[in-house]
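Participant: heads up, no residue letters with this:
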């Protein structure tokens with residue numbers, strides 16, 4: 001990474017944001033500052049931890065342009081305060097956009113030169129399609145239904161407590177019992193799973209009806225009291241129940257836009273055919289590589305045909 005980044009362009013963009021051209025004792029080298037920030041945020045370290053990490057690691061010292069290993073701190077951690085005043089999030093993003101524009105212009109120039117001179121020195125890598133893993137566990141239908149029962153029970157209790165209402169009787173304990181009865185089996189037969197799903201579907205729809213009746217009785221302010229994420233989860237639970245009920249009646253395991261997590265309802269599954277993990281979850285991207293830089297041509301959370 002230290003050899004790939006265009007440090008000359010980074011230096012020019014960084015120095016353009018400083019106001020010490022006519023006064024002051026000068027500034028630290030651009031590669032030292034930007035490199036230290038990249039290490040800090042890439043590894044999620046505190047100011048002091050970043051300085052110690054660079055002090056102990058020769059690879060990090062090479063990255064910030066040290067010519068040889070040094071056992072002294074690169075600078076005092078308090079300097080990060082000044083750096084953050086100079087370089088805010090917007091400045092850092094602007095630098096990233098500027099670097100991309102520079103590389104695009106170089107690509108256009110090199111492409112034109114290649115057409116005229118047939119110069120092969122500028123490499124355009126092959127495009128590729130892939131699924132970026134969203135790090136979600138593989139949930140079965142019965143896990144989803146159990147999560148739905150648990151969430152709705154939690155939101156009912158939370159709403160009753162917030163508005164000083166009498167606690168409602170829910171079916172979560174029964175749903176939990178039916179869920180554990182299935183997952184504790186050493187060999188889960190199709191009949192046992194179907195029986196468990198049947199019970200969980202019934203318990204979930206009953207609790208959903210109770211939650212909706214609570215809103216109808218006491219007004220929409222009860223639903224509005226939930227934050228944006230909680231309202232999104234409730235909507236996902238309702239849609240998930242509809243999908244699971246439809247698949248249960250049709251005795252199938254797939255449906256359009258199937259929800260695989262009520263907490264990240266936008267994620268879809270993709271069957272990639274890999275031996276280790278035949279199914280992956282995440283955003284689908286179609287990307288191309290230009291001179292070592294990867295550009296996202298298209299991305300979607302829904303299943304799409306990817307360029308291989």
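Facilitator: Perfect, I can see it now. Bear in mind the structure is a predicted one, so any value in this text is a computation, not a measurement.
Participant: Check which element follows the lowest-mean-pLDDT helix or strand in the chain along the chain.
Facilitator: The least trusted helix or strand in the chain, going by mean pLDDT, DSSP states H and E, turns out to be strand 124-133, with a mean of 61. As assigned by DSSP states H and E, the chain's next helix or strand after strand 124-133 is helix 141-162.
Participant: Counting by contacts, list what that following helix packs against.
Facilitator: Here helix 141-162 touches helix 172-183, helix 190-218, helix 228-250, going by 3 or more C-beta pairs under 8 Å, 6 or more residues apart in numbering; DSSP states H and E. To be clear about C-beta, it is placed using only N, CA and C from the backbone, and glycine gets the same treatment.
Participant: For the last one, buried residues please.
Facilitator: It stands for helix 228-250. 232-234, 236-238, 240-241, 243-245, 247-248 (16 or more other C-beta atoms under 10 Å).
Participant: other SSEs contacting it?
Facilitator: For helix 228-250, the elements it packs on are helix 141-162, helix 190-218, judged by 3+ C-beta pairs under 8 Å, 6+ apart.
Participant: now the angle from that helix to helix 190-218?
Facilitator: On the basis of axes from the mean of the first three to the mean of the last three C-alpha atoms, to 10 degrees, helix 228-250 is oriented at 140 degrees to helix 190-218.
Participant: Contacts for helix 228-250, please.
Facilitator: Helix 228-250 is contacted from outside by 141, 144-145, 148, 151-152, 155, 194, 197-198, 201, 204-205, 208, 211, 223, 226, 253-255, 258-259, 262-263, 265, using C-beta atoms under 8 Å, 6 or more residues apart in numbering.
Participant: any chance of the helices and strands packed on helix 141-162 in CSV, plus distance to residue 29 and mean pLDDT?
Facilitator: Below are the helices and strands packed on helix 141-162 laid out as CSV (distance: least, C-beta to C-beta, whole Å; pLDDT from 0 to 100):
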stretch, distance to residue 29, mean pLDDT
helix 172-183, 58, 93
helix 190-218, 59, 93
helix 228-250, 43, 92
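Participant: Of all those, which one is nearest residue 93?
Facilitator: Taking C-beta to C-beta, helix 228-250 is the member of the helices and strands packed on helix 141-162 nearest to residue 93, at 24.4 Å.
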